[in-house]
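> A predicted structure for the sequence below; I have some questions about it.
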Amino acid sequence: MILVDTSIIVAWLDKSHEDHDRCEESLFHWAGEDQLAISSVTYAELAAGGRTREAVDEDLQIFQRVDLDFEAAWRAGMAFGRYYPGKKEEKPVLPDFLIRAQAAALGCRHLTNDRRRLRSFPEVEFLFPESA
């Protein structure tokens, strides 16, 4: 299973996004290799973006859905706490850590556009659109 990051989904859904073509090609490539999945965190992020539930459900019907569990939530909180103990740089957002921790807890690969803070999850194999 490959857990697909929200950054990939957003670019794929938005045909005017600068990364749309790369992300679409990447999704087709990786779907030929393994089952693609989305996190319940991605579902929440898309809801926050103002789309209707029906539209999101229709767009994501091809993906396996994975609920965030307590193991992944714990890993995310620990990594977030280690990474951001009051640093003055750009504050990271917890959803990024939640999805990556979910990939770690599930032992699956993670397809993302976001190269920030990868070292927080050394056990995760990160995939990027250009690696397809």
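Noted; the coordinates are in hand. Residues are numbered from 1 along each chain as shown.
> Can you pull the poorly scored residue ranges out of the chain?
84-91, 132 (pLDDT under 70).
> Just the helices from it, written as ranges.
Assigned by DSSP state H, the chain shows helices spanning 6-13, 20-31, 40-48, 53-59, 70-83, 94-106.
> of these, which approaches residue 113 most closely?
Closest approach to residue 113 among the helices of the chain (CB to CB): helix 6-13, 3.9 Å. In this view, the C-beta of every residue, glycine as well, is placed from N, C-alpha and C.
> I'd like to check what contacts the closest one. Which residues are they?
17-20, 22-24, 26-27, 38, 41-42, 45-46, 49, 59-60, 95, 99, 111-114, 129 (CB atoms under 8 Å, 6 or more residues apart in numbering).
> buried subset of those?
Neighbour-count burial (16 or more other CB atoms under 10 Å) is assigned, among those, to 19, 22-24, 26-27, 38, 41-42, 45-46, 60, 95, 99, 111-114, 129.
> got a list of what the residue minimising distance to the centre of the chain touches?
Taking CA atoms, centre = their mean, the centroid of the chain lies closest to residue 5, which sits 1.8 Å from it. Counting by CB under 8 Å, 6+ apart, residue 5 touches 42, 99, 110-114.
> Go again with 6 Å.
Shown in contact with residue 5 (CB atoms under 6 Å, 6 or more residues apart in numbering): 99, 112.
> try residue 23
8, 11-12, 129.
> Repeat that for residue 118.
Contacts of residue 118 by CB under 6 Å, 6+ apart are residue 126.
> Tell me the spacing between it and residue 7.
13 Å (CB to CB, to the nearest Å).
> likewise residue 120?
16 Å.
> Residue 79 now?
Going from residue 79 to residue 7 by CB to CB gives 18 Å.
> That's all I had, so thanks and see you.
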